[in-house]
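Colleague: The following block contains a protein sequence and its predicted model.
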Amino acid sequence: MNLWLRLIWALVSWRSRGRLSWQAVGSRQFRVWPTDLDIFNHMNNGKFLSLLDLGRFDLLKRSGAWKAMGKRNWYPVVVAETITFRKSLSPWMRFAIESKVAGWDDQSMYVEQRFVVSGEIYAQAFVRIRFLVNPRGIVTPAQVIELLGGWQGPVPVLPEWVARWSVESSMPKGKEPAPSIWS
């Protein structure tokens, strides 16, 4: 339920937070609510991933990308994500989620997101996103970049480990999944 409340708040408050370039670092403030906690009294690891959605949504709304893509029936979907936890977030703690486009390849865009408390990174995630079009189709990162007015300045280069992770997390069409320990 609290994610619905946070989503509603994001929908009504984004305008008051000012416009932002889609190439900028978007930052959104949050607080750890009791409903975010696990049995160890810190924020549940699954909650981190859910809140990342709101950070990306805020960046898309404030930059105007959400509206531009909506006019074309384009929408983003997460195809892979990885997160590293450094410190726990405790009850009532204030934190920011910072979101920035980290780069792209032929099929996907990558967003780096960080949970930050007083300038210190508590968790860092990389999210691989594909763009789809209703009723059925794929939008390339090049098409998204063109729609949003191109990339101004130096093109970001994905860290080598992110590029490797992307390849390893992708499964070619028609191929079986990698062997599992359950096999």
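Modeller: Received the coordinates, thanks. Since this is a predicted model, take the numbers as computed values, not measurements. Numbers count the residues shown, from 1 in each chain.
Colleague: Of all residues in the chain, which one is nearest the centre?
Modeller: Against the mean C-alpha coordinate of the chain, by CA atoms, centre = their mean, the closest residue is Arg56 at 4.6 Å.
Colleague: where does that one land on pLDDT?
Modeller: The per-residue pLDDT reported for Arg56 equals 95.
Colleague: Tell me if it really is in a helix.
Modeller: Yes: residue state for Arg56 (DSSP: H, G, I helix; E, B strand; the rest coil) corresponds to a helix.
Colleague: Does it touch Val127 like I think?
Modeller: Yes: if you go by CB atoms under 8 Å, Arg56 and Val127 touch, sitting 7.1 Å apart. Where C-beta positions appear, they are placed from N, C-alpha and C, glycine not excepted.
Colleague: what is in contact with the two at once?
Modeller: Contact with both Arg56 and Val127 is made by residues Val111, Gln113, according to CB atoms under 8 Å, 6 or more residues apart in numbering.
Colleague: can you give me the strands for the chain?
Modeller: 26-31, 74-85, 94-104, 109-117, 120-133, 138-139 (DSSP state E).
Colleague: Looking at these, which is nearest to Ile8?
Modeller: strand 26-31 (14.1 Å; CB to CB).
Colleague: That closest one: partners in the sheet, and parallel or antiparallel?
Modeller: Strand pairing for strand 26-31, determined by DSSP bridges: strand 94-104 (antiparallel).
Colleague: and stretch 117-124, average pLDDT?
Modeller: The average pLDDT within stretch 117-124 is 98.
Colleague: so how far is it off the chain centroid?
Modeller: How far stretch 117-124 lies from its chain's middle: 16 Å, per CA atoms, centre = their mean, to the nearest Å.
Colleague: can you pull the buried residues of stretch 23-41?
Modeller: Gln23, Gly26, Ser27, Arg28, Phe30, Val32, Asp36, Leu37 (16 or more other CB atoms under 10 Å).
Colleague: should've said stretch 151-159
Modeller: For stretch 151-159, burial by neighbour count (16+ other CB under 10 Å) applies to Leu158.
Colleague: again with stretch 67-87
Modeller: Quick answer for stretch 67-87 (16+ other CB under 10 Å): Ala68, Met69, Trp74, Pro76, Ala80, Glu81.
Colleague: Pick the one among those residues closest to Val167.
Modeller: Closest to Val167, out of all of those and judged by CB to CB, is Ala80, at 10.7 Å.
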